[in-house]
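Engineer: Output the structure for:
(3 chains)
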Amino acid sequence: MAARTERARTLLDGLNPEQREAVITTEGPLLVLAGAGSGKTRVICHRLAYILAAGFCGPRNVIAVTFTNKAAGEMKERVSRLTGLDVRSLWVSTFHSAAVRMLRAAGNLVGVKRDFTIYDEGDSEALVKRIIKDRGWDPREEKPRHYAELISRAKDDALDPDDWLEKTFLHRAVAEKIYEVYREYEKRLARAGALDFGSLLLRAVKLLRHPEGKRRFGERFQYVMVDEYQDTNAVQYEMVRLLAAAHGNVCVVGDDDQAIYEWRGANRANILAFEKTFPKAKVITLTRNYRSTQGILDAASHLIGNNTRLREKKLRAERGSGSVPRLIRARNEYDEAEQVVRAIRTNLKAGAAKKDHAVFYRVHALSRVLEEVLSASGIEYQLLRGVSFYQRAEIKDVVAYLKLLVNPDDDGSFLRICNKPARGFGAKTLERLVAAATERNLSLMAYLRKCGEDRENRPAQRKKEAAFVEMLDELQSLLKKESVSIVVREVLERTRYLELYDQNDPEDLQRFENVREFLSAAQDFEESADEPTLAAFLERITLATDADDYDPSADRVVLSTLHAAKGLEFRHVFIVGCEEGLLPHGRALGEEADAEMEEERRLAYVGMTRAKDTLTMSYAFERRMYGQIQARTRSRFLSEAGIDDTSDWGGTERETRSFFVGRTPATLSGSRDTGIVGCGVLSEGDSVRHHRFGTGVVLYVAESGDENEVVQIRFKNKVKNLMTKFAHLTRV
DNA sequence: CTCGTGGTGCTTTTT
DNA sequence: GCACCACGAG
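Structural biologist: This is a model prediction of the structure:
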């Protein structure tokens, strides 16, 4: 017992008093407000480890919920290292994986059959589209994406079609249409034995309310932990509440300033609701920032100070003052990318690694130019996100075959692949088939099996259909005796799927490669999984994302959207495209878009607080967007953050613009007047004079020597970043 | 049934 | 500018 206590106590070493308090407060409800860079992950892991090491309960009585599989995996790994315990029975997972796990075990209690299929967003949208078409509506008018999104939001708020109709503020006629689609959508999901992401959570909640489910899962978990709590939606909140109901030991960790997913149903006010639901909740605020220097933190704090905040907190840098954020002004997106890359190259020369750098942008579209310029410079990079591997058409096709084997009622998968390659399921045939099956409320496969015979003649057609059914039956029987990878191989073989591809077409060749990669993923899976079934494999890939692929050890510059940047940190951070309409995004600019504007601000805040040593923001005077060149205005966030543009070189915005337009960079450099310092002359500690700011001392010189040299100078009461070529500095 | 073209319409996207 | 989809011609 003493040894145990001793071991638990060492877990507190190296934690600050607040962190320590959070770790040892294991009983009762606890809300940890963790500012950016305040050691949140550390607290969560140590707290989990502490509970286990102290022997308060066994691993199977703890559940920790995070938002990505990757975060979950790392957490588990870390807890294992910290405790030396076997953590296999510890539930560390995403909300969705936890839901799946419970439903696979006891879904029958709430009407979920064992072999249910999971529909991802693409599958849901495809289903919505079929419903809209079946109604005879034009999918260009009634946009499936729009409908699918509304349905998904409704589920985030736990609203069934009737609840939703009652609550919606949309125009009656519009609302009725959506209601109709939503109802039909639910009907068809049920018929297909499928659950979408929203239903997974809703069914899990239903299960936790069921007496038997409550007994099995509600009472099992003595300790509940939730990460990124500010991004939970209403249903996830309810799930947390139910999981914690029996024992009341629930710890949620979050930061309302970093809530960036309200647009998809998250509710950052859950942070306030927590204290209402658990009136005795203890609140611990972590405000010591171990990541960034004070200069960066000040800018970020200034920015976020423009929001109305739920829980205001002031972060303090533990690392000292450091440099203040820099601003890059560029003529266009190419100039912007070139300046960023130049700055990166300067850092590389000074000994920094490529992986110490990250470039963030609001929209993926901005990555292209950066990629071009990085490639041209021979600097390796890795792109976060982009189309997920598992979202590619060819992968979804193969997956659809597999899903159909596990759950033959999955009409979505059936329709996707029944005619790939062509085997007699043309448009007309399918139309008839769907109509006949719908009439009998049967899935397509069930209809083919049961009623294939009693349809009118067409013997040739029936033969083809029978062959298809037989092929799937054979594959299905393989499932019982062969491993996942062998089944995948057989599927490719027997369906002759790969014959769709032309070996001479480079795009097809890529698809071919992707399918091969998929095959090797299947192999990896069956070698490593606890339960190497096809259903488990499908589950994993449906709930997997590309975020899970980011490799922090690879020495490459990271390109990422601001959203995907959450949770990461880099020595040198660049945020490009700081322009009105981009960051903040155009959709947040309207009169009645205050909430959106605040979310944009939080997004910028998240990006800025990723930086450890230097932060550079940039904007361009013009940029090609949607195929045309547009004049751009610098983002309001820059001045809100105190990253003051105009003062950097001593002119006004208009002067800057006219100065740039029509000039090439070469004509910009150098100075005509004697006494004015040129590039490559200054070094740290030099005293200089600026015509507006007076005299100051050079703090440091970035990109020394070339025409983009930037010097940081401390004037009487402010620190400025100036470009030597514009600043017209003289020596004192 | 497949291929080509033209029209459209475009944040973000943990699961 | 680009990617995706629907529709029409072959």
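Engineer: Does A:Glu640 touch A:Leu303 like I think?
Structural biologist: Yes: assessed by C-beta atoms under 8 Å, A:Glu640 is found in contact with A:Leu303 at 5.0 Å. In short, each C-beta sits where N, CA and C put it, glycine included.
Engineer: Comparing the two, which residue is more hemmed in?
Structural biologist: Using other C-beta atoms under 10 Å as the criterion, A:Glu640 and A:Leu303 rank with A:Leu303 on top: 24 against 17.
Engineer: Without its sequence neighbours, what residue ends up closest to that one?
Structural biologist: Nearest residue to A:Leu303 in three dimensions, chain neighbours excluded: A:Ala641, at 4.0 Å (C-beta to C-beta, 6 or more residues apart in numbering).
Engineer: any shared contact partners between A:Glu640 and A:Leu303?
Structural biologist: With contacts defined as C-beta atoms under 8 Å, 6 or more residues apart in numbering, the residues shared by A:Glu640 and A:Leu303 are A:Arg601.
Engineer: ok, the residue nearest to A:Leu303 touching A:His302?
Structural biologist: Yes: counting by C-beta under 8 Å, A:His302 is a contact partner of A:Ala641 at 5.1 Å.
Engineer: higher neighbour count, the two?
Structural biologist: A:Ala641 (28 against 15).
Engineer: Let me see the confidence value for the more buried one.
Structural biologist: For A:Ala641, the pLDDT comes out at 94.
Engineer: So it versus DNA strand C, what's the distance?
Structural biologist: Taking C-beta to the nearest atom of the strand, to the nearest Å as the measure, A:Ala641 and DNA strand C are separated by 30 Å.
Engineer: Give the full set of residues in contact with that residue.
Structural biologist: Counted by C-beta under 8 Å, 6+ apart, A:Ala641 has contacts A:299-300, A:302-303, A:325, A:604, A:608, A:617.
Engineer: Mark which of those are part of helices, please.
Structural biologist: Using DSSP state H, A:299-300, A:302-303, A:604, A:608 are the members of the contacts of A:Ala641 that sit in helices.
Engineer: export stretch A:212-219 as PDB, just CAs?
Structural biologist: Taking Å, rounded to 0.1, in the frame of the first residue of the first chain, the C-alpha atoms of stretch A:212-219 are listed here in PDB:
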ATOM      1  CA  GLU A 212     -29.800  -2.900 -18.300                       C
ATOM      2  CA  GLY A 213     -27.500  -0.500 -20.200                       C
ATOM      3  CA  LYS A 214     -27.200   1.600 -17.100                       C
ATOM      4  CA  ARG A 215     -26.200  -1.400 -15.100                       C
ATOM      5  CA  ARG A 216     -23.600  -2.500 -17.600                       C
ATOM      6  CA  PHE A 217     -22.000   0.800 -18.500                       C
ATOM      7  CA  GLY A 218     -23.400   3.600 -16.300                       C
ATOM      8  CA  GLU A 219     -22.300   1.800 -13.100                       C
END
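Engineer: Stretch A:635-642 vs DNA strand B: in contact?
Structural biologist: No: Stretch A:635-642 is not in contact with DNA strand B by C-beta under 7 Å from any atom of the strand; minimum separation 14.0 Å.
Engineer: If you count neighbours, what's buried in that stretch?
Structural biologist: A:635-638, A:640-641 (16 or more other C-beta atoms under 10 Å).
Engineer: Tell me which entries of the residues you listed lie within strands.
Structural biologist: Assigned to strands by DSSP state E, none of the buried residues of stretch A:635-642 qualify.
Engineer: Give me the distance from whichever strand or helix holds A:Leu207 to the chain's centre.
Structural biologist: Here A:Leu207, judged by DSSP states H and E, is contained in helix A:197-209. Its chain's C-alpha centre and that of helix A:197-209 lie 22 Å apart, by C-alpha atoms, centre = their mean, to the nearest Å.
Engineer: Could I get the average pLDDT for it?
Structural biologist: Taken as a whole, helix A:197-209 has an average pLDDT of 96.
Engineer: For that helix, enumerate the helices and strands it packs against.
Structural biologist: Where contact means 3 or more C-beta pairs under 8 Å, 6 or more residues apart in numbering; DSSP states H and E, helix A:197-209 is packed against helix A:95-106, strand A:117-119, helix A:144-156, helix A:234-245.
Engineer: The longest one - contacts with which helices or strands?
Structural biologist: Looking back up the chat, that one is helix A:144-156. Counting contacts by 3+ C-beta pairs under 8 Å, 6+ apart, helix A:144-156 packs against helix A:121-134, helix A:161-167, helix A:172-191, helix A:197-209, helix A:234-245.
Engineer: is it possible to export these to TSV including distance to A:Arg60 and mean neighbour count?
Structural biologist: Below are the helices and strands packed on helix A:144-156 laid out as TSV (distance: least, C-beta to C-beta, whole Å; neighbours: other C-beta atoms under 10 Å):
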stretch	distance to A:Arg60	mean neighbour count
helix A:121-134	33	20
helix A:161-167	36	15
helix A:172-191	32	17
helix A:197-209	17	22
helix A:234-245	14	21
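Engineer: Could you say which one of these comes nearest to DNA strand B?
Structural biologist: helix A:197-209 (3.9 Å; C-beta to the nearest atom of the strand).
Engineer: What are the boundaries of the strands in the stretch 201-350 of chain A?
Structural biologist: Secondary structure of the stretch 201-350 of chain A by DSSP state E, counting those that start in this stretch: the strands cover A:223-226, A:250-254, A:282-286, A:288-289, A:316-317, A:326-330.
Engineer: same question for the last one, mean pLDDT?
Structural biologist: I take that to be strand A:326-330. On average, strand A:326-330 scores 94.
Engineer: Adjacent strands (with direction) for it?
Structural biologist: Here strand A:326-330 is paired, per DSSP bridges, with strand A:611-620 (parallel).
Engineer: The third one now?
Structural biologist: On the basis of DSSP bridges, the sheet neighbours of strand A:282-286 come out as strand A:30-34 (parallel).
Engineer: Next, the angle strand A:250-254 makes with the partner strand.
Structural biologist: 20 degrees (axes from the mean of the first three to the mean of the last three C-alpha atoms, to 10 degrees).
Engineer: can I get the CA coordinates of whichever helix or strand comes after strand A:30-34 in PDB?
Structural biologist: Per DSSP H and E, strand A:30-34 leads on to helix A:40-53 as the next helix or strand towards the C-terminus. C-alpha atoms of helix A:40-53 as PDB (Å, rounded to 0.1, in the frame of the first residue of the first chain):
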ATOM      1  CA  LYS A  40      -3.600  20.200 -20.400                       C
ATOM      2  CA  THR A  41      -2.600  16.900 -21.900                       C
ATOM      3  CA  ARG A  42      -0.100  16.400 -19.200                       C
ATOM      4  CA  VAL A  43      -2.700  17.000 -16.500                       C
ATOM      5  CA  ILE A  44      -5.100  14.500 -18.100                       C
ATOM      6  CA  CYS A  45      -2.600  11.800 -18.500                       C
ATOM      7  CA  HIS A  46      -1.100  12.300 -15.000                       C
ATOM      8  CA  ARG A  47      -4.600  12.300 -13.500                       C
ATOM      9  CA  LEU A  48      -5.500   9.100 -15.200                       C
ATOM     10  CA  ALA A  49      -2.200   7.500 -14.100                       C
ATOM     11  CA  TYR A  50      -2.700   8.800 -10.600                       C
ATOM     12  CA  ILE A  51      -6.100   7.200 -10.200                       C
ATOM     13  CA  LEU A  52      -4.800   3.900 -11.400                       C
ATOM     14  CA  ALA A  53      -1.500   4.000  -9.600                       C
END
